[in-house]
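In: okay, sequence plus prediction incoming.
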Amino acid sequence: MTDTSTAPAPAPLAQRVAAPARLDPPDPALGLAWRPLTVADAPELERLVQLVEEADGQPFRTSAEELAEELSAQWRDLDRDTLVGLDADGVMRAWAQVDSAPGDTRVVRAFVSGGVHPLWRGRGIGRALVAWLEGRARQVLAASGKELPARIAAYLEDTAPASARLYQAAGFTPVRYYTEMRRPLQAALPDVPAVEGVRVVPWSEELDDAVRLAHNEAFADHWGSEPRTPEQWQQHRAMFAPSWSFVAVADDGEVVGYTLSGRYEQDWAVAGYSSGYTELLGVRGVWRGRGVAVALLATAMRAFAADGIEYAELGVDTENPSGAHGLYARLGYEVVHSSTMYSIEL
């Protein structure tokens, strides 16, 4: 066993992140005028984001509803944390944004994202945006007031290697790998196992905060997971499908597990099939190994199939400590897509 009693304390966060005192938008000489994003930009931003997704071969499309929800989060400072680049005709050609989750208690994180219109690539705009994103992320982390390990992170689809090269050139390194999996619903569905002392019930507003607390506990041992505040928990609900979401409840009323689903109809034409997406699946540690996860997944699959949906889909960390990847494979899920988290650890 290593003796850590004399290990030096980490340097103060402000010193570690080395935030720039001044941060300017990319050079106007690149051909774009820059301003912050607003919630009202969501419809036009949708068109730009979807052009980028199409050019990068991504099997999904981001909707204006999702973008508006993301931009309207209570903790967002759009004036300082977002940029959109406009051409001479006022058309959006590039965007960037930084988001830091308020509930972080173990690692304080700043997530960065953005993109460049396919016809405007190769001009240095992408490099300039990544540099701005890193600088702004460092400022956000320094201002958090949290003396914790820190991370600047970008989720990049593996269909877009050029984006990965841009981030790697800026000092980001791959740290985590994720797969998207699907299962046909026309095939025989798994039985819903009976779990002693547990019943699976439809999700409801009355159960939702108890589900949040169960989620925070269930994911406490997962790499990169942080507790979600009530405000964070309500985010990313634009595509939420309540009728496809279920909660495992013990005889005493305790929430022991849950599955929350999304209905992303804008993806179906791109994928070539309809799907129900498992956004979150979790079981509290003391209840694992009893069939709760299978009962939840099987119940959700049956709800998808009852609505005529063709596939069940979900995403998973390939190093998930609960063995989720193997569970999904045993239930008939197959890998169809992958992505990588790139980060700068501070």
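Out: The structure has been received and is ready for your questions.
In: partners of the helix or strand harbouring residue 182, with directions?
Out: Using DSSP states H and E, residue 182 sits within strand 173-184. The partner list of strand 173-184 in its sheet, established with DSSP bridges, is strand 311-317 (antiparallel), strand 334-345 (antiparallel).
In: which one of the ones you listed lies closest to residue 170?
Out: strand 334-345 (8.3 Å; CB to CB). C-beta coordinates here come from the backbone N, C-alpha and C atoms, glycine included.
In: got the buried residues for that closest one?
Out: Along strand 334-345, these residues count as buried under the neighbour rule (16 or more other CB atoms under 10 Å): 337, 339, 340, 341, 342, 343, 344.
In: for the stretch 1-150 of the chain, just list every one of the strands.
Out: Taking DSSP state E, counting those that start in this stretch, the strands of the stretch 1-150 of the chain run over residues 33-35, 82-86, 92-99, 108-116, 150-157.
In: mean pLDDT for the ones you listed - can I get that in CSV?
Out: Below are the strands of the stretch 1-150 of the chain laid out as CSV (pLDDT from 0 to 100):
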stretch, mean pLDDT
strand 33-35, 97
strand 82-86, 98
strand 92-99, 97
strand 108-116, 95
strand 150-157, 94
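In: nearest to residue 172, out of the strands paired with strand 173-184?
Out: Nearest of those (CB to CB): strand 334-345, 4.0 Å.
In: from the chain's centre, how far out does that closest one sit?
Out: Distance of strand 334-345 from the chain centroid (CA atoms, centre = their mean, to the nearest Å) equals 11 Å.
In: got a list of contacts for that strand?
Out: With CB atoms under 8 Å, 6 or more residues apart in numbering as the test, strand 334-345 has contacts from 59, 134, 149-159, 164, 167-168, 171-183, 224.
In: 7 Å - rerun?
Out: With CB atoms under 7 Å, 6 or more residues apart in numbering as the test, strand 334-345 has contacts from 59, 151-158, 164, 167, 171-182.
In: now list the buried members of those.
Out: With neighbours counted using 16+ other CB under 10 Å, those contain these buried positions: 151-154, 156-158, 164, 167, 172, 176, 178-182.
In: of all those residues, which comes closest to residue 330?
Out: Nearest to residue 330 among the buried ones among the contacts of strand 334-345, with distances taken as CB to CB, is residue 181, at 11.7 Å.
In: C-alpha coordinates for the strand holding residue 182, PDB please?
Out: What follows is the C-alpha trace of strand 173-184 in PDB, where atoms were taken according to Å, rounded to 0.1, in the frame of the first residue of the first chain:
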ATOM      1  CA  THR A 173      -5.900  13.600 -25.200                       C
ATOM      2  CA  PRO A 174      -8.400  10.700 -25.500                       C
ATOM      3  CA  VAL A 175      -9.400   9.500 -22.000                       C
ATOM      4  CA  ARG A 176     -12.700   7.600 -22.300                       C
ATOM      5  CA  TYR A 177     -14.500   5.600 -25.000                       C
ATOM      6  CA  TYR A 178     -18.200   5.200 -25.600                       C
ATOM      7  CA  THR A 179     -20.300   3.000 -27.800                       C
ATOM      8  CA  GLU A 180     -23.800   3.400 -29.100                       C
ATOM      9  CA  MET A 181     -25.700   0.000 -29.200                       C
ATOM     10  CA  ARG A 182     -29.000  -1.100 -30.700                       C
ATOM     11  CA  ARG A 183     -31.300  -4.100 -30.500                       C
ATOM     12  CA  PRO A 184     -34.100  -5.000 -33.000                       C
END
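In: thanks a lot, catch you later.
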